[in-house]
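A.B. asks: Next input, structure requested:
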Amino acid sequence: EFCEAFRLTMLRTLLSHHDDADCADGSPLEIIDYNSTRIERTKVGGKDQSAKHLPANNFFFRRRPEWVKTRWIDVVTSRSQHSEHAINLTMKRIAVKYLLHPLALEDMLETTAHRPKVEVFSSHYFLIVPVFTVVDKPMSTPTIKAAVKAEKTCLWCRSRRHNGRRSRSEPARVEIQMVSIVVNVPRNDTLITFAPSSGSSSSSHLWRRVRRELEKPYSKLRQYDAQYLTYALLDQSVDLLVPIVKVMRREISDEHQCLRSNEYSHGLRRIHTIRTNLERVNRTIKPFIRVLTHSIEDETICPGVTFYLRDVLDNLENIDDELRQLVEQCQAIDSDADKHQDRQMNRTLYFLTVVSAIFLPAQFLTGVWGMNFVSMEELEKPWGYEMFWVIVSVMTISLLILFCAYGRLRNVED
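C.D. replies: The predicted structure is shown next:
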């Protein structure tokens, strides 16, 4: 009772303490309460009029309705609309209400500095998982779906047909956003998600597919607790990688075709950028695989959810293999470019060597008759100049015949 009274006192202090009016409500919360037959969406704070609003005091001090089986609390963050102080204040309030461990709160507020991880505390299950999105798309690809279905045409060739000059866009860039997920145990009736936004966009768009699925009255999500909802979030995070892999594969194929058509004359900057993106995603996937493996082996996770998590792990491992293959393709293209440059250099040196060998007799005779000795009678003859060109022509033609007979000139052309 003393601990509960102290917790409520701390919570009341956090709700009443703020430096300015903009931080009074903190960062908005989107609350989704549901059971198998009913769902209700509520907002705490913010100015969105599309959902029912609930005062902050009512949310933090009152119990949830009796019909609620599972509650999903999504902390909506946007750096352009909410200050860092307001976001931190909201997370501290949630930490006090749901008895979150101080280390979990610290990791949630500093998510960008962490890799994917999982921690099991006495009252909750804490995960940090990555969400992958494409932020910079190539020209004429406004969405990932459009990029996958777009015509497989070289970007440089397409641009050259339009304006007659080289104008190429930057390759697609993958942004990795770390999201914190908290599930209370052993009740498994509350899930908290927090994704610190790094730009002007809001974090509320991350889980659109799961939100749409919850709206369906026949959805399987409505039949189970927060552990199954956690599986749905992890599954969406992994599924977001599938179109990204398709976009990257198309980028590599288009760039390879473009480089080959232009004999690798435009450099490999785009290939190196794509490879850097793929390696960064691959480095993030490896600890993500360990997170899923730990969750599957954890006895606090019910066997039914563990079965679905194995499927997510299989998909993630397949994507990891595909990403490694794409990295190897980039390395192969880089190696092909080096081999092509070496062949170009060898071909040039060989051509110069053949030309020097053909004109070597002329250089030799020029050096001999250019010594200007008095005893050189042919220099005083009126036919001396014509004789020089006849001898040079005969020797040059003879060398050309020999080179053609032994295939040396044909090798130069190859």
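A.B. asks: Could you list the residues in contact with stretch 357-373?
C.D. replies: Under the criterion CB atoms under 8 Å, 6 or more residues apart in numbering, residues 376, 378-379, 388, 391-392, 395-396, 399-400, 403 lie in contact with stretch 357-373. Quick note: C-beta positions are derived from backbone N, CA and C, even for glycine.
A.B. asks: Run the chain-centre distance for it.
C.D. replies: 65 Å (CA atoms, centre = their mean, to the nearest Å).
A.B. asks: one step back: would you convert the contacts of stretch 357-373 into JSON lines that also reports secondary structure, pLDDT and neighbour count?
C.D. replies: Below are the contacts of stretch 357-373 laid out as JSON lines (DSSP: H, G, I helix; E, B strand; the rest coil; pLDDT from 0 to 100; neighbours: other CB atoms under 10 Å):
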{"residue": "376", "secondary structure": "coil", "pLDDT": "72", "neighbour count": "13"}
{"residue": "378", "secondary structure": "helix", "pLDDT": "70", "neighbour count": "11"}
{"residue": "379", "secondary structure": "helix", "pLDDT": "70", "neighbour count": "15"}
{"residue": "388", "secondary structure": "helix", "pLDDT": "81", "neighbour count": "16"}
{"residue": "391", "secondary structure": "helix", "pLDDT": "84", "neighbour count": "13"}
{"residue": "392", "secondary structure": "helix", "pLDDT": "83", "neighbour count": "17"}
{"residue": "395", "secondary structure": "helix", "pLDDT": "84", "neighbour count": "17"}
{"residue": "396", "secondary structure": "helix", "pLDDT": "83", "neighbour count": "15"}
{"residue": "399", "secondary structure": "helix", "pLDDT": "80", "neighbour count": "17"}
{"residue": "400", "secondary structure": "helix", "pLDDT": "79", "neighbour count": "14"}
{"residue": "403", "secondary structure": "helix", "pLDDT": "75", "neighbour count": "17"}
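A.B. asks: Could you dump the residues you listed into JSON lines and include distance to residue 309?
C.D. replies: Formatted as JSON lines, the contacts of stretch 357-373 follow (distance: CB to CB, whole Å):
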{"residue": "376", "distance to residue 309": "96"}
{"residue": "378", "distance to residue 309": "96"}
{"residue": "379", "distance to residue 309": "96"}
{"residue": "388", "distance to residue 309": "89"}
{"residue": "391", "distance to residue 309": "87"}
{"residue": "392", "distance to residue 309": "83"}
{"residue": "395", "distance to residue 309": "82"}
{"residue": "396", "distance to residue 309": "79"}
{"residue": "399", "distance to residue 309": "75"}
{"residue": "400", "distance to residue 309": "74"}
{"residue": "403", "distance to residue 309": "70"}
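A.B. asks: Closest one to residue 252 out of those, please.
C.D. replies: Distances from residue 252 to the contacts of stretch 357-373, taken as CB to CB, are shortest for residue 403 (41.7 Å).
A.B. asks: so the closest one touches residue 351, yeah?
C.D. replies: No. Contact criterion CB atoms under 8 Å: residue 403 and residue 351 do not qualify, at 11.8 Å.
A.B. asks: Could you look up the SS state of residue 342?
C.D. replies: On the three-state scheme (DSSP: H, G, I helix; E, B strand; the rest coil), residue 342 is labelled helix.
A.B. asks: For it, give its distance to residue 336.
C.D. replies: Residue 342 is 11 Å from residue 336, where distance means CB to CB, to the nearest Å.
A.B. asks: Compare these two and say which is more crowded by neighbours.
C.D. replies: Taking neighbours as other CB atoms under 10 Å, residue 342 and residue 336 compare with residue 336 leading, 15 against 10.
A.B. asks: list the helices and strands the helix or strand containing residue 129 packs on?
C.D. replies: In this assignment (DSSP states H and E), residue 129 forms part of strand 124-136. Counting contacts by 3 or more CB pairs under 8 Å, 6 or more residues apart in numbering; DSSP states H and E, strand 124-136 is packed against helix 102-109, strand 117-120, strand 173-184, helix 226-239, helix 241-261, helix 269-297.
A.B. asks: Can you check the pLDDT for the residue most central in space within the chain?
C.D. replies: Nearest residue to the geometric centre of the chain (CA atoms, centre = their mean): residue 174, 2.6 Å. Listed pLDDT for residue 174 reads 87.
A.B. asks: Kindly report the same for residue 15.
C.D. replies: Residue 15 is assigned a pLDDT of 62 by the prediction.
A.B. asks: in the strand holding residue 129, what's buried?
C.D. replies: For strand 124-136, burial by neighbour count (16 or more other CB atoms under 10 Å) applies to 124-132, 134.
A.B. asks: cool, and stretch 60-73?
C.D. replies: 60, 68-73.
A.B. asks: average pLDDT for it?
C.D. replies: 89.
A.B. asks: Report the distance from that stretch to the chain centre.
C.D. replies: With CA atoms, centre = their mean, you get 37 Å for stretch 60-73.
A.B. asks: same deal with stretch 387-403?
C.D. replies: How far stretch 387-403 lies from its chain's middle: 63 Å, per CA atoms, centre = their mean.
A.B. asks: Can you pull the poorly scored residue ranges out of the stretch 301-414 of the chain?
C.D. replies: Residue ranges of the stretch 301-414 of the chain with pLDDT under 70: 372, 374, 407-414.
A.B. asks: if we go to 50?
C.D. replies: 412 (pLDDT under 50).
A.B. asks: before we move on, back to that, what's the separation between the nearest residue to the residue nearest to the centre of the chain once chain neighbours are set aside and residue 333?
C.D. replies: Using CB to CB, 6 or more residues apart in numbering and skipping the chain neighbours, the partner closest in space to residue 174 is residue 277 (5.1 Å). Here residue 277 is placed at a distance of 15 Å from residue 333 (CB to CB).
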